[in-house]
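Peer 1: give me coordinates for this.
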Amino acid sequence: MVIKMGRYGKFMACSNFPECRNTKPIQVEIGVKCPTCGTGDIVERRSKKGRLFYGCSNYPECEFVSWDKPVEEPCPVCSSMMVQKKIKNGVKVECTSCGHHETRIDQEQEEE
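Peer 2: So this is what the prediction gives:
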């Protein structure tokens, strides 16, 4: 398998591509387990229009998807999944079920 560049970005393919059609996508893991199935990892994916989203590596068995980046720590209130949302001067970490949120100031802007 070698890394090739296609019209939708990089992918892994047989060294004999395009005669050999064996291909696999390059998946970027973010280090968070899937909250739905518990066995898969959350990976970065791209929609047909190129927008970044996050989904379970066990797709199609597990159909978990999120537009916001999941974080590893659970919600301190309800133990549900929390996601990162970008705001003007940092990152807001918000619970997906109870709405609990924490604001974290971006460390790069804090140093300036």
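Peer 1: any idea how far Ser15 lies from Lys24?
Peer 2: 13 Å (C-beta to C-beta, to the nearest Å). Placement of C-beta: from N, CA and C, glycine included.
Peer 1: now do the helices in this protein.
Peer 2: 107-111 (DSSP state H).
Peer 1: where does the chain dip in pLDDT?
Peer 2: 105-112 (pLDDT under 70).
Peer 1: that one: strands as residue ranges?
Peer 2: 2-6, 9-13, 23-25, 28-33, 41-46, 52-56, 65-66, 69-70, 82-87, 90-95, 101-105 (DSSP state E).
Peer 1: now the common contact residues for Ser15 and Lys24.
Peer 2: Here Ser15 and Lys24 share the contacting residues Met1, scored by C-beta atoms under 8 Å, 6 or more residues apart in numbering.
Peer 1: now tabulate the strands of the chain in CSV and tack on distance to Pro76 and mean neighbour count.
Peer 2: What follows is these, written out as CSV (distance: least, C-beta to C-beta, whole Å; neighbours: other C-beta atoms under 10 Å):
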stretch, distance to Pro76, mean neighbour count
strand 2-6, 41, 10
strand 9-13, 37, 14
strand 23-25, 35, 12
strand 28-33, 17, 13
strand 41-46, 20, 17
strand 52-56, 22, 17
strand 65-66, 20, 14
strand 69-70, 16, 18
strand 82-87, 9, 15
strand 90-95, 9, 17
strand 101-105, 9, 12
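Peer 1: I appreciate the help and will end here.
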